[in-house]
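J.: What follows is a protein structure lacking sequence information:
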């Protein structure tokens, strides 16, 4: 394992309109880990993820991915990105969507089957996406991000609204990918998903409250669970 | 530009249309029905169909492709698929070119059907070769596609996109020479019509219908000039459209 982190964010500031969405944030995402980004909705998670992917105009600071500035041409087939709203074509079938993106990325069509299988949609492969449920649609979008085995996966709330069994399976998939060396950067507003991450960023109002492993976080704060830890950190911050 | 990606975008757009039987049927049949209606309207008043027919053949692909493109690309912007494509190795030219190729193919089929109907069934009087009408129609369709791609950047909803049709397209229809020959327009409007792309599309159609030539594959040189101007507009609008595609947004 090399020492250079996959994502290196330094003093990042992002303004959206008149609001400061990300306030002087620094952190790294190491190789081969599932890094969680947790916080309430509206706290700046999506903006931060967009900055890592390089589709967000940033105000100041730097975002380096695999040694290159985020969004560089050399990164476009090495980073898989899933937005909250599934970015797939509603009027095409699952397989057609995957085949299209596979051609754009220049990866083989064998990848299509592998990725559809990885998100457990093989049985629905020939269904038109607008006939699928919301959870199935977001899995189609996730499958697209898996194409070509990217070195970094940036997943914005990929497990929202999914059945618990499926949620467990997806987290297992994220860990399998991490074991194979992929860095997985995944956000959630559900605190109980925190325990499934190797490392956690807690975010609130554009700031990072904690950057720890779940165990360290609980030990440091003396809290029973991540939700409690979050509250304690917010209250401590309010006092200081 | 990556030909593989451009081809993938074009094939995907056509594949989406293939799934949408109703849109497909409307795209191909409506122009034929409207040409028939026009022919029928002028049945008892002499050769008016010969005068208006070619201009109508120029207008259909332009209007229809404008609408189809502005709505589909707006959808692509709002669904996040455009952002995803631009975060992948897709070049802006691949995206725009893919759309232009796909809708160019649709326009070729659409106008081949309409032209065949006009020439063989409705007896449109034609001095130049019929295939040239289809070539001009494809140029007009690309014009509509390029304009639609460009204006879709200024619409936030599909509702707004459709409103661009009266704002951007109808003035061109009024000034293209269909209602008043362009050289008889008030001077200011004549100058305006000189810089509107649809004017050249209608001129080209009218020239194919009215004139023939011994050289240039039987096509009057004027038509080729009009086609070059149309091509220039298409390229210019596509470049403007490319400028509105952003990899990074606020």
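T.: Arrived safely. As the structure is a computational prediction, the values presented were derived from the model and not from experiment.

J.: Would you confirm that residue A:203 belongs to a strand?
T.: Yes: assigned with DSSP: H, G, I helix; E, B strand; the rest coil, residue A:203 falls within a strand.

J.: so what does the lowest-mean-pLDDT helix or strand in chain A touch, helix or strand wise?
T.: Within chain A, confidence by mean pLDDT, DSSP states H and E is lowest for helix A:226-239 among all helices and strands, at a mean of 82. Counting by 3 or more Cβ pairs under 8 Å, 6 or more residues apart in numbering or on different chains; DSSP states H and E, the packing neighbours recorded for helix A:226-239 are strand A:199-204, strand A:207-212, helix A:214-221. C-betas here are computed from N, CA, C, even on glycine.

J.: now, of the ones you listed, which is deepest in the fold?
T.: Stretch with highest mean neighbour count among the helices and strands packed on helix A:226-239: strand A:199-204 (a mean of 23; mean count of other Cβ atoms under 10 Å in any protein chain shown).

J.: just the helices in the chain please.
T.: Looking at chain A here, since you left the chain open. With DSSP state H as the definition, chain A shows helices at residue ranges A:45-53, A:94-105, A:110-118, A:134-146, A:164-179, A:214-221, A:226-239.

J.: other chain: chain B
T.: Applying DSSP H to chain B gives helices spanning B:3-19, B:21-41, B:48-78, B:81-87, B:92-116, B:130-151, B:158-164, B:170-175, B:187-194, B:197-210, B:221-244.

J.: Check the offset of the first one from the chain's centre.
T.: Shown here is helix B:3-19, whose average C-alpha point lies 19 Å from the average C-alpha point of the whole chain (Cα atoms, centre = their mean, to the nearest Å).

J.: what packs against that helix?
T.: helix A:94-105, helix B:21-41, helix B:92-116.

J.: which one of these has the most crowded surroundings?
T.: Among those, the stretch with the highest mean neighbour count (mean count of other Cβ under 10 Å) is helix A:94-105, at a mean of 23.

J.: Can you add mean pLDDT and give the helices and strands packed on helix A:226-239 back as a markdown table?
T.: Formatted as a markdown table, the helices and strands packed on helix A:226-239 follow (pLDDT from 0 to 100):
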| stretch | mean pLDDT |
| --- | --- |
| strand A:199-204 | 93 |
| strand A:207-212 | 92 |
| helix A:214-221 | 90 |
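
J.: Okay, angle between the least confident helix or strand of chain A and strand A:207-212 too, please.
T.: Helix A:226-239 runs at 130 degrees relative to strand A:207-212, counting by axes from the mean of the first three to the mean of the last three Cα atoms, to 10 degrees.

J.: Check what contacts helix A:226-239 and list those residues.
T.: Surrounding helix A:226-239, the residues in contact under the criterion Cβ atoms under 8 Å, 6 or more residues apart in numbering or on different chains are A:38, A:191-192, A:194-195, A:200, A:202, A:204, A:209-210, A:214, A:217-218, A:221-223.

J.: now swap in stretch B:207-214 and tell me
T.: By Cβ under 8 Å, 6+ apart, the residues outside stretch B:207-214 that reach it are B:50, B:53-54, B:124-129, B:132-133, B:136, B:218-223, B:226.

J.: What are the buried residues along that stretch?
T.: B:207, B:208, B:209, B:210, B:213 (16 or more other Cβ atoms under 10 Å in any protein chain shown).

J.: Let me know the closest of those residues to residue B:79.
T.: Nearest to residue B:79 among the buried residues of stretch B:207-214, counting by Cβ to Cβ, is residue B:208 at 40.0 Å.

J.: Spell out which residues of chain A are next to chain B.
T.: Among all residues of chain A, those adjacent to chain B (criterion: Cβ under 8 Å from any Cβ of the partner chain) are A:16-17, A:53-57, A:71, A:73, A:76-77, A:79, A:81, A:83, A:85-92, A:96, A:100-101, A:103-106, A:128, A:144.

J.: which among the residues you listed end up buried?
T.: In those, the ones that pass as buried (16+ other Cβ under 10 Å) are A:16, A:53-56, A:71, A:76-77, A:79, A:81, A:83, A:86-92, A:96, A:100-101, A:103-105, A:128, A:144.

J.: Would you mark the buried spots in stretch B:68-81?
T.: By neighbour count, with 16+ other Cβ under 10 Å as the criterion, the buried positions of stretch B:68-81 are B:68-81.
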